[in-house]
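**Q** Below: sequence and its predicted model.
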Amino acid sequence: MALPPPDPQFVLRGTSAAVHTLHFSCGGQEPDVPVLFSGSENGLIHVWNLKTHRVDTALDGHGRKSVYCVETMGGKNRLLSQGRDQRICLWDLAEGRTAVMDSVFMENVGFCRCSLLMVAQGRWLMAMAAKALEEVQVLELPSKTSVCTLKPEAGAKLGMPMCLKLWQLSGGSQPLLLAGYEDGSVVLWNLSMGKALSQLACHQEPVMSLDFDSEKAKGISGSSEKVLSIWSLNEQQNLQVYKTHNLVNAGISDITIRPDKKIVATAGWDHRIRIFGWKKLKPLAVLDYHTATVHCVSFSNHKNPRERLLAAGSKDHRISIWSIYTQT
Amino acid sequence: MSALLWEVCQQPVQVGSQELQEALLNRIVCLPNHVSNKLEGKNPPVFFPQNYFPFLGGTIIQVLQKISDSLRGGLDCSICFVSHVLGKVCIHGRQKEILGILVPSLMELTKSDCIWQRICWRLVEYVPDRWMEAVVLGFVQQTPGADVLSRLLGNLVVKSMKAQFVVTQKMLLLQYGHTTAVLQNLLGYLALDSLRRALLIKALQELLETWSSSSAVRHSPPEQQQYISKAILICLSHLKETEIESCRQELLTSMMEGVKCHLDSSLPQIRHLGMIVAESISAKINTDGPVLKFQYEENDEARELKSLLVQTPPFCAVSSLACDDRNEKADSALPVVLESNDKSHAAAPVMLDEEQNTELDSDDDLIPYDMSEDKEVKIKAPVYIRDCIEVLTGCEDMDKWEATVKALESLVRKNPEATREVSVELAKILLHLEEKTYIEGFVELRQRAQVAVLTTDPIPVAKYLTSQFYSLNYSLHQRMDILDVLVLSAQELSYPKSHWKTKHSGAPKPCIQLPHGSDSSKDWRRIVDERIKNKTRRFATGHSQVELASGPNEFNSVAGHFFFPLIQHFDRPLTTFDLLGEDHFVLGRLVHALAVLMYLAVNTVAVAAMGKALLEFVWALRFHTDSYVRQGLLCCISSLLFSVPAECLLEDMTEELLETQSWLGGKRRWCTPVFFWFMVRSLCSISDCDGSRRVLVSYTRDLHSTCIYCLLV
């Protein structure tokens, strides 16, 4: 008899609005407290102290419009947040400051989260949906100069970009972008040529989320259907379907591969978090705690693997924190 | 023959020889007829028109050859007679035969020789005006491209007024049977010379005038409008920047006018045409600014129209040779692509295998937890009608709302008693129900629920719905929904089988039931039947007869409640709803709905009164401008003739019928079947002979099934 699934290690309450995005910053040295950033529908970004389980600060920079993406840039003192007020804000949180240093105005009004990639010390690339319906724009931060605009061929009918993932192979090779589109296809873009390298129709419905493991050249995507699609990238830079996995209930809002590439977590519209083994997509656990759609899942970046956490934010205003498969 | 023609050509024209020429012309052209008349069936094949006229064509070429030789030699001769022959042959309808020979050879000969070109121009020029149309039409149809046409005809349209009229007016605005290739030829020809370009612009202006005239949009057939739209698009493709610049303002005004009257049309095809043409015009006149953009279905027709905007290069316009060439090229290109695809596919499996080998059993160190609780999430739909009302009126939970909308119809049908308590309230909620979140087939689900409510409690709900049809503050869509629901419910009520089935599907319930009168009587019937069956011995079993489902017509008692409130207030305009004015589309739907209600009311008590009211209604609207409404009126009359018993027709409404008859007997050709039927039927009811009546009934069925089918779809 298999063990019953675990309960959450603890639950963070008090955002008083649906939680749309989560991001850990736990990699610091000892005097630094591990924190969790959460962005919620009422436009606030909460900084949770994971020692006390209390809110340290609440950042208000998006005019009470929903915040749907939060990322740190380097340490926990530089933060990037994206909101429905069409702005991407860069925060300076060092020494207790809570100031927006800079912001980028997005001309797109979709729900596509931006994607961030550090290319050199103090230099980042950020991909975001552009003004024109099907286009993706890549900027360099903090200079905000435009690197390229990725435009599908005329008549490709991809629809809006739904999710983005910038990545590069280790050792400073050129960065690539994976984008999931409204028509269910995933496209691999070469940023320097501004050209699509490969396209794969993964789903019938819009791709809601994707994540990619650059070591194994393998990625996973979820949509509003009952299917998870796992695809791989061969040496000719061609995407091909590797496997599909059928779910019990339809709808995936977020997918994350744990940084050690051992497990994957999905956030389901059926209120459940699912854990799979990454290598063969073996179902491992179904975490049923929330009472409404789970919007996001995120893994912590603790130095010690035993402390690693999984966090899930839901429409029911709660953030559940789990400690699962930490022994391996 | 060629010698004869040549001789006539050499003679200078004299007054006396005119008659001789005339006679000669007649003989030459009508030779096949004369010969076949004389020989009466033993006609040699060479004199069959399909052989003779190509032969004549060949002869003409020979003569023209001689003429060109003599012109080169400095001798003068007239081509006039040959032109006359050509014209006469064409007007006799033999363009295809003669030009089929002439055009290809002339095409070859005129390619580089300017004397031949002049000869050819003269040949067409000298055709008398009365035959010009046939000749020009023949040339336009036979030549493979605009450039060839331009070489053969020269500036004919500038020189001959008749030809100009044929090309710019008759073929564009009056006729509409020509193919797109002919249109492209014609307009391409106009565009190829600077003298003729003025005519092209003039033609475009006239086309646009027709296109933007609301009367033309309303009264001309869709095929003609499509033809005109095509012509406009081809013209636009030929226009240059500067030319557009010069008539931008005119284009803009006619586009605005045209869009308005096209979008006003009740035919979707016309609306599409309007959108496509307007988009194209606006794209042409605003090259840099914002352009019009409509949402419509991208079908074959739309694609074809849009492809006309891209000008085909003049040398391969219609020529089949070029087409074949291109196909071949495409074919040869295809395998290369396929091969490369194959390669990538072949590479794929290898990769997969490798990967799988390295990953064998690698997830095993992760022990799964118990996942037996992971079941499909089902949202419970409410089980009581009153709960449904609560959910539909003020529930924020979309999943629950969706489940309710899906469950409502069956719930209503299962609980008629409970529904009757809240029927009007429920009808009101359903009428105002909007799609809060996307549900597949929402419109149909809502409609089925509405029909269920209306059939469960017909009188109060019909009263409510018909009163709402004429009240303020409803959208046209809601008003048409009301009509649809009334029609579908009437259909269900009057149709015995569906009624029977639904009643029984809801019958077996586990709870204790009070013995209803009707139910117990049915049980009694069944028990007796069974007993008789058990006690009866059968020696032979014949063909078992299929028993037709039968039951009381439930529509009988309520037909009036459906019908009369609808017909009463049509002539009272409200501030938001004007049936007789601009909302004529709803009027059309109303008229059709009335026709169906009339049809379904056959064999009911109220049918005579309904018929009388309907005839008066039809009479009031008989000169309506919208064809959809008029079509509905005809449906009304035919269903009236079908439903109302003949005695009532002849006794109670003789006068009205005679009025209608005189209206139908008028100019409307397409309603003759109805009229014919009406005549036969009135005769029949008097003589009452069985045979003809049977024929009649089947005929009516056909007529009706087509009418009713059109309405229900």
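**A** Alright, I've got the coordinates. Please read these numbers as outputs of a predicted model, since none were measured by experiment.
**Q** Tell me the backbone dihedrals of the residue of chain A found nearest chain B, please.
**A** Taking CB to the nearest CB as the measure, chain A has residue A:277 as its residue closest to chain B, at 3.5 Å. Yep, even glycine has a C-beta here, placed from its N, CA and C like the rest. Torsion angles at residue A:277 (phi, psi; degrees, to the nearest 10) stand at phi -70, psi 140.
**Q** who does it bridge with?
**A** Beta-bridge partners recorded for residue A:277 (DSSP bridges): residue A:263.
**Q** so who does residue B:103 touch?
**A** Residue B:103 is in contact with B:139, B:142-143, B:152, counting by CB atoms under 8 Å, 6 or more residues apart in numbering or on different chains.
**Q** State the mean pLDDT of the helix or strand hosting it.
**A** Residue B:103 is part of helix B:95-109, with elements assigned from DSSP states H and E. Mean per-residue pLDDT for helix B:95-109: 86.
**Q** Centre of the chain to that helix, how far?
**A** 37 Å (CA atoms, centre = their mean, to the nearest Å).
**Q** cool, stretch B:160-170 as well?
**A** Worked out by CA atoms, centre = their mean, stretch B:160-170 lies 31 Å from the chain centre.
**Q** Same question for stretch B:127-143.
**A** Using CA atoms, centre = their mean, the offset of stretch B:127-143 from its chain centre is 32 Å.
**Q** Same question for stretch B:384-404.
**A** 41 Å.
**Q** That one spans what distance, first to last residue?
**A** End-to-end distance of stretch B:384-404: 10 Å, with CA to CA, to the nearest Å as the criterion.
**Q** picking up where we left off before, now which of the contacts of residue B:103 would you call buried?
**A** B:139, B:142-143, B:152 (16 or more other CB atoms under 10 Å in any protein chain shown).
**Q** Adding secondary structure and pLDDT as columns, could you present those in a markdown table?
**A** Formatted as a markdown table, the buried ones among the contacts of residue B:103 follow (DSSP: H, G, I helix; E, B strand; the rest coil; pLDDT from 0 to 100):
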| residue | secondary structure | pLDDT |
| --- | --- | --- |
| B:139 | helix | 89 |
| B:142 | helix | 87 |
| B:143 | coil | 87 |
| B:152 | helix | 86 |
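**Q** I'd like those as JSON lines, with distance to chain A appended.
**A** Formatted as JSON lines, the buried ones among the contacts of residue B:103 follow (distance: CB to the nearest CB, whole Å):
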{"residue": "B:139", "distance to chain A": "39"}
{"residue": "B:142", "distance to chain A": "37"}
{"residue": "B:143", "distance to chain A": "35"}
{"residue": "B:152", "distance to chain A": "40"}
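**Q** Spatially, which two of those residues are the most separated?
**A** Farthest pair in those (CB to CB) is B:142 and B:152. Separation: 9.4 Å.
**Q** about what we covered before: let's have the buried ones among the contacts of residue B:103 in TSV, adding distance to residue B:374.
**A** What follows is these, written out as TSV (distance: CB to CB, whole Å):
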residue	distance to residue B:374
B:139	77
B:142	74
B:143	73
B:152	79
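**Q** Just to check, residue A:294 is in contact with residue A:313?
**A** Yes. At 7.3 Å, residue A:294 counts as touching residue A:313 under the criterion of CB atoms under 8 Å.
**Q** how about stretch B:39-49: buried residues?
**A** Result for stretch B:39-49 [16+ other CB under 10 Å]: buried residues B:47, B:49.
**Q** any residues touching it, and which ones?
**A** The contact list for stretch B:39-49, computed with CB under 8 Å, 6+ apart, reads B:31-32, B:35-36, B:51-52, B:55, B:94, B:97.
**Q** Out of those residues, which end up buried?
**A** For these, buried by 16+ other CB under 10 Å: B:31-32, B:36, B:52, B:94, B:97.
**Q** What residues does the stretch 151-300 of chain A have near chain B?
**A** Residues of the stretch 151-300 of chain A lying near chain B by CB under 8 Å from any CB of the partner chain: A:216, A:232, A:234-236, A:238, A:240, A:242, A:248-249, A:262-263, A:270-272, A:277-280, A:282-286, A:288.
**Q** how deep is the residue of chain A closest to chain B tucked in, by neighbour count?
**A** For residue A:277, the count of nearby residues is 20 (other CB atoms under 10 Å in any protein chain shown).
**Q** now swap in the one 4 residues further on and tell me
**A** When neighbours are counted by other CB under 10 Å, residue A:281 registers 17.
**Q** what's the closest non-adjacent residue to it?
**A** Closest residue to residue A:281 apart from its sequence neighbours, by CB to CB, 6 or more residues apart in numbering or on different chains: residue A:245 at 5.3 Å.
**Q** isn't there a strand covering the one you found?
**A** Yes. Under DSSP: H, G, I helix; E, B strand; the rest coil, residue A:245 falls within a strand.
**Q** hang on, isn't it packed against residue A:226?
**A** No. With contacts counted by CB under 8 Å, residue A:245 stays clear of residue A:226, the gap being 9.6 Å.
**Q** Who are the packing partners of the one helix or strand residue A:241 maps to?
**A** Per DSSP H and E, residue A:241 falls inside strand A:239-246. Applying 3 or more CB pairs under 8 Å, 6 or more residues apart in numbering or on different chains; DSSP states H and E, we find strand A:239-246 packed against strand A:195-201, strand A:227-233, helix B:320-358.
**Q** and if we set it to 10 Å?
**A** strand A:185-190, strand A:195-201, strand A:218-223, strand A:227-233, helix B:320-358 (3 or more CB pairs under 10 Å, 6 or more residues apart in numbering or on different chains; DSSP states H and E).
**Q** In stretch B:401-421, which residues are buried?
**A** Using 16+ other CB under 10 Å as the test for burial, stretch B:401-421 gives B:401-409, B:411-416, B:419-420.
**Q** hmm, it in reach of chain A?
**A** No. Between stretch B:401-421 and chain A, judged by CB under 10 Å from any CB of the partner chain, nothing touches; the nearest distance is 13.1 Å.
**Q** can you tell me the residue of the stretch 101-250 of chain B closest to chain A?
**A** residue B:237 (20.0 Å).
**Q** Now for that residue, how many residues are close by?
**A** 19.
**Q** again with the one 3 residues further on
**A** Counted with other CB under 10 Å, the burial measure for residue B:240 works out to 10 neighbours.
**Q** pLDDT weak spots in the chain?
**A** Since you didn't name a chain, this refers to chain A. Applying pLDDT under 70 to chain A flags residues A:1, A:171-172, A:328.
**Q** actually chain B
**A** Ranges of chain B meeting pLDDT under 70: B:1-2, B:8-16, B:311-364, B:496-523, B:538-550, B:665-713.
**Q** Secondary structure class of the nearest residue to residue A:38 once chain neighbours are set aside, three-state.
**A** Nearest residue to residue A:38, sequence neighbours excluded (CB to CB, 6+ apart): residue A:46, at 4.9 Å. Recorded secondary structure, residue A:46: strand (three-state DSSP).
**Q** And the strands in the stretch 201-328 of chain A?
**A** A:207-213, A:218-223, A:227-233, A:239-246, A:252-257, A:263-268, A:272-277, A:283-288, A:294-299, A:310-314, A:319-322 (DSSP state E, counting those that start in this stretch).
**Q** Nearest approach to residue B:585 belongs to which of these?
**A** Among those, strand A:218-223 comes nearest to residue B:585, with 39.7 Å by CB to CB.
**Q** Among the buried ones among the contacts of residue B:103, find me the one that's closest to residue A:305.
**A** Among the buried ones among the contacts of residue B:103, and counting by CB to CB, the member closest to residue A:305 is residue B:143, at 82.3 Å.
**Q** May I see the buried residues of stretch A:64-75?
**A** A:66-73.
**Q** Quick one: distance of it to the chain centre.
**A** 11 Å.
**Q** and that stretch, is it in reach of chain B?
**A** No. Shown here: stretch A:64-75 not in contact with chain B (CB under 10 Å from any CB), separated by at least 17.5 Å.
**Q** Can you name the residues that contact residue B:583?
**A** By CB atoms under 10 Å, 6 or more residues apart in numbering or on different chains, residue B:583 lies in contact with B:476, B:479, B:573-574, B:576-577, B:589-590.
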